[in-house]
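Q: predicted coordinates and the sequence they were generated for:
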Amino acid sequence: MCCSAVTLKRDFDVCSVCGGMHAMTERRLTCTSKTCSDIGVCAVVWKVFTCTASDTWTIWVNEHGHMRGVVPCSTIHPARVTTMMKQFLAEQDEIGIPPRLMLVNLKKQSQIPVTSRGWPSLKQVQNALKRLRRDQGTTNSRKAVQDLV
């Protein structure tokens, strides 16, 4: 289920996971693997039933095989910007260091572990900074400097 997308979401009043009289959510996921889509339309569909009371999942898959057959998915997933990385980027942003230099400094940090997918790209660092600035506000803006003086 590494390359999948939710195509349908429905809520039910009766839970079929545990049999209780509370809400249950069904999500249908379809295969969106690049390897499968290069060959044709993949017919694999997963049904994920989530019990809202006990947070239990039941996953069903249909009997159709992937279009790619037994070949593993060749999609390379991007690296993630972890919480420790975001904290480091926020500290660097307060000083006013440009994103390219932040990425270099991030890779030099020994206390920040590398994720299994490697280091984030420059674009991911820039997007993380945009989100941090939007959520927390920037300290290098004209208004912030005027308020200090």
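A: That came through fine. Keep in mind that what you see is a predicted model, and the values were worked out from it rather than measured.
Q: what mean pLDDT does the host helix or strand of Asp11 get?
A: Using DSSP states H and E, Asp11 maps to strand 4-12. Strand 4-12 shows a mean pLDDT of 81.
Q: so what strands line up beside that strand?
A: strand 24-31 (antiparallel) (DSSP bridges).
Q: what residues sit buried inside the partner strand?
A: 24-31 (16 or more other C-beta atoms under 10 Å). Every residue, glycine included, has its C-beta placed from N, CA and C.
Q: re earlier: residues of the strand holding Asp11 that come out buried?
A: Quick answer for strand 4-12 (16+ other C-beta under 10 Å): Ser4.
Q: give me the contacts around that strand.
A: 23-32, 46 (C-beta atoms under 8 Å, 6 or more residues apart in numbering).
Q: if you set the cut-off to 6 Å instead, what comes out?
A: Strand 4-12 is touched from outside by 23-32, with contacts defined as C-beta atoms under 6 Å, 6 or more residues apart in numbering.
Q: could you dump the residues you listed to TSV with pLDDT and distance to Asp11?
A: Putting the contacts of strand 4-12 into TSV (pLDDT from 0 to 100; distance: C-beta to C-beta, whole Å) gives the following:
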residue	pLDDT	distance to Asp11
Ala23	84	6
Met24	88	7
Thr25	90	5
Glu26	89	8
Arg27	89	10
Arg28	89	13
Leu29	86	16
Thr30	85	20
Cys31	83	24
Thr32	80	24
